[in-house]
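Asker: what shape does this take:
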Amino acid sequence: MVVQSMTKTKTADVAGTVRQIRRLQRAGCELVRCAVVNRDDVAALRRIKASVSIPVIADIHFDYRLALGAIKAGADKIRINPGNIGDVWRVEEIIRQARLNDVPIRIGVNSGSLPKEVLQKYRHPGVDAIVDSVRVATAIFRENDFDQIVLSAKGVDVRQTIEVYKILNEEFDFPLHIGITEAGLPLSGAVKSAVGLGIILYSGIGDTIRVSLTADPVYEVVAAYAILSALGIRQRGPILISCPMCGRCDVDLERIARNVEKRLQKYDPFMKVAVMGCVVNGPGEAREADFGIACGKGVGAVFAKGKEIRRVKEDKLVEALFEVIDENVDN
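Answerer: Residues are numbered from 1 along each chain as shown. Below you'll find the predicted structure:
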């Protein structure tokens, strides 16, 4: 499963776009998509490609000439929605240029931009309309004997998107890019994406993933890895396990957990780190993690690999935890 995101800068702003791509790459992004909306963006694409080391996908709508220019500028992949490109010959021209340059194409169908003829037939962008749009689009590629394609068919509605991807997975052999489009702000959008994408992934569906959030795109990458990690599909970096707190908790556990989470961002290796707040589940769950602390009243225990290492006062707990982590982990 490959993690993808999209830049939110103006692509013509080469310096700003390159900075954002490098931040995304440090966060674990493996494919990045850039909006190409005019000739200035096409011209910028070549300079961006020369300045970054991960594959760059050109996101094209409406104007087929921008797709042709992006291919010539060195885009590693093109994303188009054939439904808004116009006449079939324009899509065929993109296919021809992609074939000449050995560039794959993602056919991206969104519930908000289905072809007019499909909407006239179904009247509403439901499951049948979205799937039919994919069939219409892929038929053009089959007729032109072009099979270097990736499919995506995102919707705003979670249940609808799940049903669409189940049908696509049964009907097509092409790789699938999964996502919930226009998911929302960081918290609500991540929850919505986790529900939808979690079900799709658990069904064994998907090859690349993007979590679409109204936020810094780095949050998209973090959220994608959190979803993949929760399902045991891919692990990247530390996982923090912390208890929800109740009346038994005698320490400021939220402050401690936030401190631990912030410091863990500097570590690359995968590990489970537990921050537990009481004597009920704390010691047992802390022992199950690679490292952890279990807090009591003004004092706590530090665990490593299932064994209690030391007991220290509350104000020394976090420091003691990271001393133990540093003694056992090569970062």
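Asker: what ranges do the helices span in the stretch 51-200 of the chain?
Answerer: Here the stretch 51-200 of the chain has its helices, by DSSP state H, counting those that start in this stretch, at 64-72, 88-101, 116-122, 127-143, 158-171, 186-202.
Asker: name the element residue 5 belongs to?
Answerer: Per DSSP states H and E, residue 5 falls inside strand 2-6.
Asker: right, and the helix or strand after that strand?
Answerer: Using DSSP H and E, the first helix or strand after strand 2-6 is helix 14-27.
Asker: output the contacting helices and strands for the next helix or strand after that next one.
Answerer: Counting by DSSP H and E, the element after helix 14-27 in chain order, helix or strand, is strand 31-35. Where contact means 3 or more C-beta pairs under 8 Å, 6 or more residues apart in numbering; DSSP states H and E, strand 31-35 is packed against strand 2-6, helix 14-27, helix 39-51, strand 56-60. Yep, even glycine has a C-beta here, placed from its N, CA and C like the rest.
Asker: give me the residues contacting the second one.
Answerer: If I follow you right, that is helix 14-27. With C-beta atoms under 8 Å, 6 or more residues apart in numbering as the test, helix 14-27 has contacts from 5, 7-11, 29, 32, 34, 44, 47-48, 51-54, 56, 217-218, 221-222.
Asker: ok, residue 164 - contacts?
Answerer: 127, 130-131, 153, 155.
Asker: could I get those as CSV with distance to residue 233?
Answerer: Shown next, in CSV, are those (distance: C-beta to C-beta, whole Å):
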residue, distance to residue 233
127, 25
130, 25
131, 25
153, 21
155, 22
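Asker: which among those count as buried?
Answerer: 127, 130-131, 153, 155 (16 or more other C-beta atoms under 10 Å).
Asker: could you export those residues as a markdown table, including pLDDT and distance to residue 252?
Answerer: As requested, the buried ones among the contacts of residue 164 are arranged in a markdown table below (pLDDT from 0 to 100; distance: C-beta to C-beta, whole Å):
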| residue | pLDDT | distance to residue 252 |
| --- | --- | --- |
| 127 | 90 | 48 |
| 130 | 90 | 48 |
| 131 | 92 | 51 |
| 153 | 92 | 46 |
| 155 | 74 | 42 |
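Asker: identify the farthest-apart pair in those residues.
Answerer: Across the buried ones among the contacts of residue 164, the longest distance by C-beta to C-beta is 10.8 Å; it joins 131 and 155.
Asker: tell me which strands the strand holding residue 5 pairs with, and in which orientation.
Answerer: Paired neighbours of strand 2-6 in the sheet (DSSP bridges): strand 31-35 (parallel), strand 208-209 (parallel).
Asker: check contacts around the nearest residue to residue 233 once chain neighbours are set aside.
Answerer: Take residue 233 and drop its neighbours on the chain: the residue closest to it by C-beta to C-beta, 6 or more residues apart in numbering is residue 1, 5.6 Å away. Residues counted as contacts of residue 1 (C-beta under 8 Å, 6+ apart) are 201, 206-209, 228, 233-234.
Asker: and which of those residues is nearest residue 146?
Answerer: Nearest to residue 146 among these is residue 207, at 18.2 Å by C-beta to C-beta.
Asker: tell me the pLDDT of that closest one.
Answerer: In this model, residue 207 is scored at 97, pLDDT.
Asker: again, but for residue 281
Answerer: Residue 281 is given a pLDDT of 61.
Asker: and if you look at the one 3 residues further on?
Answerer: Looking at residue 284, its pLDDT reads 66.
Asker: now do the one 3 residues further on
Answerer: What the model reports as pLDDT for residue 287 is 67.
Asker: cool, residue 154 as well?
Answerer: As predicted, residue 154 sits at a pLDDT of 81.
Asker: what's the answer for residue 52, then?
Answerer: As predicted, residue 52 sits at a pLDDT of 97.
Asker: distance check, it against residue 46.
Answerer: As judged by C-beta to C-beta, to the nearest Å, residue 52 and residue 46 stand 12 Å apart.
Asker: what's the answer for residue 84, then?
Answerer: To residue 46, residue 84 is 25 Å away according to C-beta to C-beta.
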